[in-house]
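only geometry, no sequence info:
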């Protein structure tokens, strides 16, 4: 008997005669792709591991094998999106890359713009009162990324690039808000403000917003040097 409460997901048939070794090479990526699509469309609670496996054309046991279960798969979907931002913050705070807030802001803008499903997923699964993944999301992402961003802000304050009276944590909050909101409210901001997800708009939006950040956050001497 079919569970009518679950969304119907067509099964993708594996082409006949395909070598097992070739099929196993990309099964992990297929599971991630299917999970990303189904979590966004139906929500974490509604989608089952079996449905994700069917959509990926894989055995459901592979979800536990690769990710430890559905929660681990959800974590990996989000981690794959946010990893570039984390890597950039790691490089900057370690002194491997130049510490620039503009680069971090642009990375965040690109993350939200190029993954339009992510803001909606965060709202539904994390921000709603009964969000099923709130505890995991907060532990795995903000609690790890925010300290790195705060450290970067402190480094910029100590170097004299940013104003000494700034609160590092609130500065990071302001930057996240500026980067996220246009894409979180895309159905409205696209019509009212012309927000788009193409490269030309992303560059223009990032330059505009970082100029506001620069004039509001940077110390006068640093602003003069940038001009």
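Received it, and whenever you're ready, just let me know what you need. Predicted model only: the values in this text are computed from it and were never measured.

for this structure, what helix or strand is lowest in average pLDDT?
Within the chain, no helix or strand scores below helix 20-25, which has a mean of 52 by mean pLDDT, DSSP states H and E.

Could you point out the helix or strand that follows the longest helix along the chain?
What stands out as the longest helix in the chain, according to DSSP state H, is helix 70-93. Next in sequence after helix 70-93, counting helices and strands by DSSP states H and E, comes helix 101-114.

ok, residues contacting the longest helix of the chain?
Contacts of helix 70-93 with the rest of the structure, by C-beta atoms under 8 Å, 6 or more residues apart in numbering, involve 31-32, 35-36, 39, 44, 48-49, 52, 63, 66-67, 96-100, 103-104, 107-108, 111, 115, 118, 121, 125, 133, 136-137, 140-141, 144-145, 148-149, 151-152, 155. C-beta: built from backbone N, CA, C; applies to glycine.

Give the buried residues for it.
By 16 or more other C-beta atoms under 10 Å, the buried positions in helix 70-93 come out as 70, 73-78, 81-82, 85-86, 88-89, 92-93.

Farthest pair within these?
70 and 92 (33.7 Å; C-beta to C-beta).

how about the strands of the protein, start to end?
Per DSSP state E, the chain carries no strands over any range.

got the domain boundaries for it?
The chain is divided into the following domains under automatic domain parsing: 20-67, 71-222.

what pLDDT, on average, does the last one get?
Averaging pLDDT along domain 71-222 yields 85.

distance of the residue nearest to residue 190 when sequence neighbours are not counted from residue 119?
Closest residue to residue 190 apart from its sequence neighbours, by C-beta to C-beta, 6 or more residues apart in numbering: residue 196 at 6.8 Å. Separation of residue 196 from residue 119 (C-beta to C-beta, to the nearest Å): 15 Å.

the more surrounded of those two?
residue 119 (19 against 16; other C-beta atoms under 10 Å).

Can you tell me the closest non-neighbouring residue to the more buried one?
Sequence neighbours aside, residue 184 is the residue nearest to residue 119 in space, at 4.1 Å (criterion: C-beta to C-beta, 6+ apart).

residues in contact with the one you found?
Residue 184 makes contact with 112, 119, 122, 123, according to C-beta under 8 Å, 6+ apart.

same check, this time on residue 154
residue 168.

related to what we said a few turns ago, what distance separates the longest helix of the chain from the middle of the whole chain?
Relative to the mean C-alpha coordinate of its chain, helix 70-93 is positioned 7 Å out (C-alpha atoms, centre = their mean, to the nearest Å).
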